[in-house]
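Participant: Predicted model and sequence follow; I will ask about them next.
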Amino acid sequence: MWSLLQDGRVCDEALLRRGLVVALRLPSLFIADAWAKTDPEALHAFTRNSRLVDDSGGGHHVVVLVEMLYYASLGLALSLVVMPPRHLVHLYVVVISAVLVFIANILSARFVQEEESYMTSSLPTDTASEMVRNVAPYLLLQYGISSAVAQLLGVRRHLGARLVLLVYSLPLLTRLCGMPVSELSRVHHASSTFMLLLSVLYLMNKLMMAMEVIRNGINCALTTVYICGWFEFLVAIWVQMCLPLQFLVFWIILFTVRLYQYYEADSHPVWSEGWSVVLLASMSDNCGSPLGFLGACVTVTFLSEAVLRTAASYLGRDARDLSRGILSPGFTEGVIMFCLGIQTGLVELKSADRIILLTVVLFVVLSSLIQSLFEISDPVLLWLAASQNKNISKHVRAVVLSTFLWVFPIVMAARICRLFDLDLWLLIILSSYILTSLRVLGALFIYALVIFDSLRRLPFEHLDDVIYYTKCLVHVLEFSIAVVVVGYGVKRSVLGSWSWLNSLILVLHSYCNVWQRLQSGWSSYLQRREAMSRVSTMTVASSLQLFTHDDLCAICYQRMISARVTPCQHLFHGVCLRKWLFIQDYCPICHQKILNVSGEVSQVDHSDGQLPR
């Protein structure tokens, strides 16, 4: 029990640590995204035309300062990404302290302005009680801010440091001591100058420490790369910094904010198209920058992983078995979206064109996700049939999911035909949906055959042949669809518009879906023909031999109504022996070679006339 509690505590601490890392590094993505979306020339022109720069050109330093801040923001974003968590926490402490000091500056300036306005009003109030009433709130705020800054910086026990942090209280204290209002602004400026110098000295001291941390980090990274290699180093950085979670949270926040903006704008034209278009428009707007598009790919990966793991749990499989090394389920769908977005220039498109192209890309991703779901459900479906599992609930769940996997692609294919004009890209997507439906229907038919055979009193001897021909029919239909796609692509390339991208897609489709399918099918046919010829040369066991043998088939462990006799005088089901010869050419029991090198059936001497047991 104690070990379980300790494991739970460790798990909670790990989750808390990951959440803290994501929360601390998340602002870097927003800063980098804003930096990527900002045009330097437009920012320069805006600064020139703003009220910060006067006509005489005296505000040139403001323009330089804005440009320096523009490029410094990128450095800040990179620092937030690579900085160790301990130093990152200290950086946030310094930033929060700087913000509090700035608020103290504003409060001091506001107090001076209020005092000056009282003196210039028609009824000035300069009594002691009125003065205390005006000063007391500001004095309490200044004391609270200085205490908070001292707590953050760890100088709460140092009296001198706390007094220095109360420097913005000088205008308040001097006013209580009877200093004229006309002198308060000078005291405020003196306090601001002192605090500015103090801040510069503090930052210079921390800058040297930061340079030392950066130098040590670079040396550590170079050592890791030298020992482990670039790939392991990048994987470790990807995992330790929780970059996938950062991009997921980053994109969800962007999407939520954009969706809320559309929700607030009731009169926006996009609402006339319905909720689906509003969601697509929100996604498209967030894919207008490289980081936003990368966040969308990571989000698709997480969503696909959630769907695949849910499907595995629904079918009773262990969801942990879906992971392939460092690659999680759903990684393929994210990579597909990323590659298609890069190839088509999704980020650079205008909003309306990006919505259309994003819809096509999502259809491709959905097709890959459905194929991944089929790869999860197909082994479960066939295992339930072959093992004759009596759990009706598992059978129902597998059949329901498989039914969904062949109905849904047909519905999506029909929707694509209604929404878009047919071209090579869409034909490939349609063929993918149709192929998935064919595969699922073939798997369901084989499942039904095996279930039907298990319910029979005597096994169906030619069941293997029916299953083989069913698979052959599915493969022939797949091959035919692939040939149609290639033919259409060649026709468009010759008679219509030609492009390198379409040609590359056509070549890859011809190799992967036509040539490889043809090779695989022909190889399978030759293996089956060879096995059938081998089995046909073996004698059929007589009733006397079956009675004398009186044993189960050593391959399938079922009773033998009919059997084939191998040259080593062992009996097996003909169908089982044919399957065995697909794999190897040795007897399953005695491991003697069934065929000679010449291809003739080997002869084994059994002069005693007895069958080996």
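Facilitator: Sure thing, it's come through. Numbering: from 1, shown residues only.

Participant: Identify the residues contacting L546.
Facilitator: 560-563, 571 (CB atoms under 8 Å, 6 or more residues apart in numbering). C-beta here means a position set from N, CA and C on the backbone, and glycine is covered the same way.

Participant: residues of the regular element (helix or strand) spanning Y469 that come out buried?
Facilitator: Element membership of Y469 [criterion: DSSP states H and E] is helix 463-495. Neighbour counts using 16 or more other CB atoms under 10 Å place 463-464, 467-468, 470-471, 474-475, 477-479, 481-482, 485-486, 488-489, 492 of helix 463-495 among the buried residues.

Participant: now swap in stretch 410-422 and tell me
Facilitator: 412-413, 416, 420.

Participant: Show me what it is in contact with.
Facilitator: For stretch 410-422, using CB under 8 Å, 6+ apart, the contacting residues are 359-360, 363, 366-367, 426, 429-430, 433-434, 437.

Participant: ok now that stretch, how far from the chain's centre?
Facilitator: Stretch 410-422 sits 27 Å away from the centroid of its parent chain (CA atoms, centre = their mean, to the nearest Å).

Participant: Dump it to CSV, keeping only the CA atoms.
Facilitator: Output of stretch 410-422 as CSV, limited to C-alpha atoms (Å, rounded to 0.1, in the frame of the first residue of the first chain):
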residue,chain,number,x,y,z
ILE,A,410,-18.2,6.2,-48.0
VAL,A,411,-20.1,9.1,-46.3
MET,A,412,-16.9,11.2,-46.4
ALA,A,413,-16.2,10.3,-50.0
ALA,A,414,-19.8,11.4,-51.0
ARG,A,415,-19.3,14.6,-49.1
ILE,A,416,-16.0,15.3,-50.9
CYS,A,417,-17.7,14.8,-54.3
ARG,A,418,-20.4,17.3,-53.4
LEU,A,419,-17.9,20.0,-52.1
PHE,A,420,-15.1,19.9,-54.6
ASP,A,421,-14.4,19.4,-58.3
LEU,A,422,-12.5,16.2,-59.1
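
Participant: quick one: average pLDDT of it?
Facilitator: Stretch 410-422 comes out with an average pLDDT of 82.

Participant: picking up where we left off before, for the buried residues of stretch 410-422, give me TSV that also has secondary structure.
Facilitator: What follows is these, written out as TSV (DSSP: H, G, I helix; E, B strand; the rest coil):
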residue	secondary structure
M412	helix
A413	helix
I416	helix
F420	coil
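
Participant: Would you mind giving those as TSV with distance to I392 added?
Facilitator: Below are the buried residues of stretch 410-422 laid out as TSV (distance: CB to CB, whole Å):
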residue	distance to I392
M412	30
A413	32
I416	36
F420	42
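
Participant: Mind giving me the packing neighbours of the host helix or strand of F445?
Facilitator: Secondary structure from DSSP H and E places F445 in helix 424-455. Secondary-structure packing of helix 424-455 (3 or more CB pairs under 8 Å, 6 or more residues apart in numbering; DSSP states H and E): helix 351-386, helix 392-419, helix 463-495, helix 500-509.

Participant: Please convert the ones you listed to a markdown table, extending it with distance to F293.
Facilitator: Converted to a markdown table, those look like this (distance: least, CB to CB, whole Å):
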| stretch | distance to F293 |
| --- | --- |
| helix 351-386 | 10 |
| helix 392-419 | 23 |
| helix 463-495 | 27 |
| helix 500-509 | 19 |
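
Participant: closest to A36 out of those helices?
Facilitator: helix 351-386 (16.1 Å; CB to CB).

Participant: mind listing what R439 touches?
Facilitator: R439 neighbours (CB under 8 Å, 6+ apart): 374, 378, 474, 478.

Participant: What is the most widely separated pair among the residues you listed?
Facilitator: D378 and E478 (14.7 Å).

Participant: residue ranges with poor pLDDT in the stretch 451-600 of the chain?
Facilitator: For the stretch 451-600 of the chain, the stretches with pLDDT under 70 are 457-461, 492-532, 534, 582-584, 595-600.

Participant: one more time with 80, if that's ok
Facilitator: Applying pLDDT under 80 to the stretch 451-600 of the chain picks out residues 453-469, 475-476, 478-537, 546-551, 555-562, 574-586, 591, 593-600.

Participant: can I assume S108 is in contact with H189?
Facilitator: No. S108 is not in contact with H189 according to CB atoms under 8 Å; the separation is 10.0 Å.

Participant: In the contacts of L546, find the pair that's most separated.
Facilitator: Among the contacts of L546, I561 and L571 lie farthest apart (CB to CB), at 11.6 Å.

Participant: Looking at the two, which is more packed in?
Facilitator: L571 (23 against 10; other CB atoms under 10 Å).

Participant: For the more buried one, list the residues it contacts.
Facilitator: 541, 545-546, 549, 551, 553, 560, 563-565, 611.

Participant: Going by distance to S454, which of those wins?
Facilitator: Using CB to CB, these come closest to S454 at C553, 16.0 Å.

Participant: and the gap between the nearest residue to the closest one once chain neighbours are set aside and S191?
Facilitator: Of all residues not flanking C553 in the chain, H573 sits nearest, at 4.8 Å (CB to CB, 6 or more residues apart in numbering). Between H573 and S191 the computed distance is 98 Å (CB to CB, to the nearest Å).

Participant: re earlier: S108 and H189: which is more packed in?
Facilitator: S108 (26 against 14).

Participant: what separates that one from G229, distance-wise?
Facilitator: S108 is 56 Å from G229, by CB to CB.

Participant: do the same with A413
Facilitator: In terms of CB to CB, A413 sits 44 Å off from G229.

Participant: same question, A443
Facilitator: For A443 relative to G229 (CB to CB), the value is 41 Å.

Participant: Look at the two and report which has more neighbours.
Facilitator: A443 (24 against 11).

Participant: Verify the stated contact: that one with L384.
Facilitator: No. With contact defined as CB under 8 Å, A443 does not count as touching L384 (11.4 Å).

Participant: any residues in contact with both of the two?
Facilitator: Joint contacts of A443 and L384 (CB under 8 Å, 6+ apart) do not exist.

Participant: Just the contacts of L571: which are in strands?
Facilitator: Using DSSP state E, the members of these that fall within strands are 564-565.

Participant: ok, of the contacts of L571, which one's closest to M283?
Facilitator: For the contacts of L571, the nearest to M283 is C553 (57.1 Å; CB to CB).

Participant: I'd guessed that closest one sits against M560; true?
Facilitator: Yes. In this structure C553 lies within contact range of M560 using CB under 8 Å: 5.3 Å.

Participant: Those two: which is more packed in?
Facilitator: M560 (21 against 18).

Participant: Tell me who's in contact with that one.
Facilitator: Going by CB under 8 Å, 6+ apart, the list of residues near M560 reads 541, 546, 549, 551-553, 571-573.

Participant: how near is it to L159?
Facilitator: 98 Å.

Participant: now swap in S387 and tell me
Facilitator: Distance from S387 to L159, by CB to CB: 79 Å.

Participant: Look at H573 and S191 and report which has more neighbours.
Facilitator: Counting neighbours by other CB under 10 Å for H573 and for S191 shows that H573 has the greater number, 25 against 19.

Participant: quick one: contacts for the more buried one?
Facilitator: With CB under 8 Å, 6+ apart, H573 has these contacts: 553, 555-556, 558, 560, 562-564.

Participant: Helices of the stretch 101-250 of the chain, start to end?
Facilitator: Ranges of helices within the stretch 101-250 of the chain are 128-153, 159-165, 170-176, 184-228, 230-240, 243-264, based on DSSP state H, counting those that start in this stretch.

Participant: ok, of these, where does mean pLDDT dip lowest?
Facilitator: The bottom spot among these, by mean pLDDT, belongs to helix 230-240, with a mean of 73.

Participant: for that helix, packing partners?
Facilitator: helix 184-228.

Participant: got the angle between the helix it packs on and helix 128-153?
Facilitator: 10 degrees (axes from the mean of the first three to the mean of the last three CA atoms, to 10 degrees).
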